Structures are given as C-alpha cells and as structure tokens.
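Chemist: Can you look at this prediction? I've put the sequence above it.
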Amino acid sequence: NDTYEKINKDLKYLERPKILIQNIIAHVKKPIDHIILMSTYDPTGIINLDNVGNIFLKGNRYDPLYLVAILNSRIISWYAYHFIYGNAIRTMRFDTYHLQKLPFRHINFNDKKDFERYTALINLVNTILSITQSEDYLDNKDKQEEVRKIQDEIDKLVYKLYGLTEEEIEVVEKSISGGV
C-alpha cells in the first residue's frame, strides 16, 4: 500500500536525534508581556506530534546542545518577541520561517573564549538534562532551583557570547521580569 509506505518513510525520518522545540508560542503576560521559547534535545529519535517542531542539524559543526542553550536563552526569546513577532499579543506558531530569522551566533573554534563559552554551554545543558530526567525532579524544589540557577548561568554566557553591554542586558532582563 502506497499510503502505508509513505507514512512509514515519514516516521523513519523522525526516528533520529534532533532538537525538539515548541511549535505553539504562548504570549505571557506576567510579570510583563513576553514569550518564552522552549526546546530540548532528543538523542533517541522519538516520534512526536505536529505541535512540536523538529530541528535536524546538517553536518556536525555544532553540538545540538549548544543550539538548545541558544534557543532557550532569554535574549533569543526577547529577540523573537520584539523583532520576529512584533510584540504580538496572541498565540503564535514557531516554524522554519521563524527559526531562520533568529540570530544564531557562529562560533570561531580557533578563538579560545568562543570555544570555552561554547563548551561551557554544552556542559550546562547536559547538567540540566541530567537533573530534569531524574524521577523526582517535578516534586523536588531543590533540583528545580538548581535548574533555574543553571539557566541563569546559561543566559549570562549567551549575553557574553553575543557581546551585549550591561545596558543591553538590563533592557532584556527588564522586558522579561518587569524590572523586578
């Protein structure tokens, strides 16, 4: 049956490592209007529904965990909200069109600082994945707080990677936290 063969081929395509990213972006109102992009790494190739986007990397130049760190960073959510979605106050879809508009920071692997930040981001994401996959994570406030602290470390590294000034960081932080 041709239909079965096509479906099977489509499913096989998904059964490989990839970055998973939410496909529906919610407008968050508290404490101030913003959005939060969320992604994770799927090393096993699970088959997911169409409300989750799949990002397949071409080649092996970048570790997928580096891209997960960038996608989950405050600066990228801030950028997407202000410059891609134009401060929209509705639920939005996130697809290839939007992904291609994000300013991904290319790494100069010959630059010591670039490489150190790249490696540190990968290690931090690995730590978060390890903590959040533990059986008691959802009930363990200490582990949740540890993840929040690591996410803050990731944001600080991403700010440095993108070369943001203290004033620019303050704009991003206030636009997400309401200046708290």
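Modeler: Sure, I can see it. Only a predicted model underlies this, so the values are computations on that prediction, with no experimental measurement involved. Numbering: from 1, shown residues only.
Chemist: where do the strands sit along this structure?
Modeler: 18-22, 24-25, 39-42, 52-55, 92-93 (DSSP state E).
Chemist: Contacts for the second one next, please.
Modeler: It refers to strand 24-25. If you take CB atoms under 8 Å, 6 or more residues apart in numbering as the criterion, strand 24-25 is touched by 35, 37, 51, 80, 85, 91-94. Backbone N, C-alpha and C define where each C-beta goes, glycine included.
Chemist: please redo it, this time with the cut-off set to 10 Å
Modeler: For strand 24-25, the surrounding residues in contact (CB atoms under 10 Å, 6 or more residues apart in numbering) are 35-38, 51-53, 77, 80-81, 84-85, 88, 90-94, 98.
Chemist: Next: stretch 114-126.
Modeler: 39-41, 62-70, 72-73, 105-109, 111, 150-151, 153-154, 157-158, 160-161.
Chemist: Extract the CA atoms of that stretch and return them as PDB.
Modeler: Only the C-alpha atoms of stretch 114-126 are listed here, as PDB (Å, rounded to 0.1, in the frame of the first residue of the first chain):
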ATOM      1  CA  ASP A 114      34.500  31.400  21.900                       C
ATOM      2  CA  PHE A 115      35.400  27.800  22.300                       C
ATOM      3  CA  GLU A 116      35.300  28.000  26.100                       C
ATOM      4  CA  ARG A 117      31.800  29.500  26.100                       C
ATOM      5  CA  TYR A 118      30.600  27.000  23.600                       C
ATOM      6  CA  THR A 119      31.900  24.100  25.700                       C
ATOM      7  CA  ALA A 120      30.500  25.600  28.900                       C
ATOM      8  CA  LEU A 121      27.000  26.000  27.300                       C
ATOM      9  CA  ILE A 122      27.000  22.400  26.200                       C
ATOM     10  CA  ASN A 123      28.100  21.200  29.700                       C
ATOM     11  CA  LEU A 124      25.400  23.300  31.400                       C
ATOM     12  CA  VAL A 125      22.700  22.000  29.100                       C
ATOM     13  CA  ASN A 126      23.900  18.400  29.800                       C
END
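Chemist: Now that we have the contacts of strand 24-25, which of them are buried?
Modeler: 35-37, 53, 77, 80-81, 84-85, 92, 94, 98 (16 or more other CB atoms under 10 Å).
Chemist: So which of those are in helices?
Modeler: Those of these mapping onto helices are 77, 98, per DSSP state H.
Chemist: any chance of the buried ones among the contacts of strand 24-25 in TSV, with distance to residue 45 and pLDDT too?
Modeler: Output for the buried ones among the contacts of strand 24-25, formatted as TSV (distance: CB to CB, whole Å; pLDDT from 0 to 100):
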residue	distance to residue 45	pLDDT
35	28	78
36	26	82
37	22	87
53	15	88
77	27	90
80	27	90
81	31	88
84	29	85
85	30	83
92	27	80
94	21	84
98	24	86
